[in-house]
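Q: test case, fold it:
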Amino acid sequence: MKTGQVVTADEWLKARVDLLRLEKEHSRARDALVRKRMAMPWVEIEKEYVFDDPSGSVSLKELFDGKDQLIIYHFMFNPEWEAGCKSCSFIADHIDPAAVHIAERDVALAIVSKAPIDKLQSFKQRMGWRFSWVSSASSEFNRDFHVSFTDEELNGKGYYNFREQGFPNREAPGISVFAKGDDGVIYHTYSAYARGLEDYICAYRLLDIAPKGRNEGDLSYGMEWLRLKDEYDL
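A: Residues are numbered from 1 along each chain as shown. Alright, predicted model coming up:
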């Protein structure tokens, strides 16, 4: 590894204090963004979405598991694949342990994919995840939330990340949030896609404070180095 700029302890402290000032500005801007996100308007969910789960079927309302808020991660798992997307698995590795904690703050977590439930359960067991994972194979859910595409939409005509741009695969990643109002109605409150999902990857936050950072500049694409957690040669 190439040695960085070497300075005295006093010079390092001055540089660190200057950076801290910028970090605090960033934190205050992030807090303001969170407040705006929380103030987003809601849209009523009018469809009765039903998903396949290991016991048979489950409704969107049942995924709330008694909570008033629900976070759904749209996990890329094409029905033809034998394993889930490695990038979505990367995110799942981070959000799975968080489920027990956010449940204490009135938030349920569920994962939704297009693949059949038996494939999802098999892969879930392989990865050692505990979250609720259901299949949207018999539902319009993925299409309605713009994470599944037809072959015709792959060439830039599909609607993804709030604009018409398409996606290189028939399945795409995303996250959506729902709330159960005091009127008993379910509402859609938030969705994010593409780089909007990076906030949920703690490993990137850790790499971002290391001298080499993510060290992805020489790769053909950012996550080329990534593997399923049981495939690293350690």
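Q: which parts of the chain are helices?
A: With DSSP state H as the criterion, the chain has helices at 9-38, 86-95, 99-102, 117-127, 141-144, 202-207.
Q: format the ones you listed as JSON lines; extra columns: mean pLDDT.
A: Shown next, in JSON lines, are the helices of the chain (pLDDT from 0 to 100):
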{"stretch": "helix 9-38", "mean pLDDT": "97"}
{"stretch": "helix 86-95", "mean pLDDT": "98"}
{"stretch": "helix 99-102", "mean pLDDT": "98"}
{"stretch": "helix 117-127", "mean pLDDT": "98"}
{"stretch": "helix 141-144", "mean pLDDT": "97"}
{"stretch": "helix 202-207", "mean pLDDT": "97"}
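Q: how is this structure partitioned into domains?
A: For the chain, automatic domain parsing gives the domain ranges 9-38, 43-200.
Q: can I get those in TSV with mean neighbour count and distance to Gly217?
A: Just so you know, the C-beta spots here come from the backbone N, C-alpha and C atoms, and that holds for glycine as well. Formatted as TSV, the domains of the chain follow (neighbours: other C-beta atoms under 10 Å; distance: least, C-beta to C-beta, whole Å):
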stretch	mean neighbour count	distance to Gly217
domain 9-38	10	21
domain 43-200	17	16
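Q: Serialize these to CSV and add fields for distance to Glu224.
A: Shown next, in CSV, are the domains of the chain (distance: least, C-beta to C-beta, whole Å):
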stretch, distance to Glu224
domain 9-38, 28
domain 43-200, 10
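Q: tell me which of these sits nearest to Gly213.
A: Closest to Gly213 of the domains of the chain is domain 43-200 (C-beta to C-beta; 13.3 Å).
Q: what about that closest one, start to end distance?
A: 24 Å (C-alpha to C-alpha, to the nearest Å).
Q: again, but for stretch 205-218
A: 20 Å.
Q: thought Ser138 was touching Tyr49?
A: No - the criterion here is C-beta atoms under 8 Å, and Ser138 misses it with Tyr49 at 10.1 Å.
Q: quick check: chain neighbours aside, which residue is closest to Glu224?
A: Spatially, and ignoring its direct neighbours in sequence, Glu224 is nearest to Glu216 (7.5 Å; C-beta to C-beta, 6 or more residues apart in numbering).
Q: what does Asp144 give?
A: Nearest to Asp144 is Lys47, by C-beta to C-beta, 6+ apart, at 7.1 Å.
Q: in this structure the one you found contacts Glu140, no?
A: Yes - under the criterion of C-beta under 8 Å, Lys47 makes contact with Glu140 at 7.0 Å.
Q: so Lys180 bridges to which residues?
A: Taking DSSP bridges as the rule, Lys180 bridges to Ile186.
Q: hang on, isn't it packed against Gln69?
A: Yes - counting by C-beta under 8 Å, Lys180 touches Gln69, with 7.5 Å between them.
Q: could you dump the helices of the chain to CSV with distance to Leu154?
A: Formatted as CSV, the helices of the chain follow (distance: least, C-beta to C-beta, whole Å):
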stretch, distance to Leu154
helix 9-38, 30
helix 86-95, 18
helix 99-102, 33
helix 117-127, 22
helix 141-144, 14
helix 202-207, 27
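Q: list the contacts of Ser59.
A: The contact partners of Ser59, taken as C-beta atoms under 8 Å, 6 or more residues apart in numbering, are Glu48, Tyr49, Val50, Phe51.
Q: out of those residues, name the ones that lie in strands.
A: The members of the contacts of Ser59 that map onto strands under DSSP state E are Val50, Phe51.
Q: output the contacts of Ser59 in a markdown table; the columns should cover pLDDT.
A: Output for the contacts of Ser59, formatted as a markdown table (pLDDT from 0 to 100):
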| residue | pLDDT |
| --- | --- |
| Glu48 | 95 |
| Tyr49 | 97 |
| Val50 | 97 |
| Phe51 | 98 |
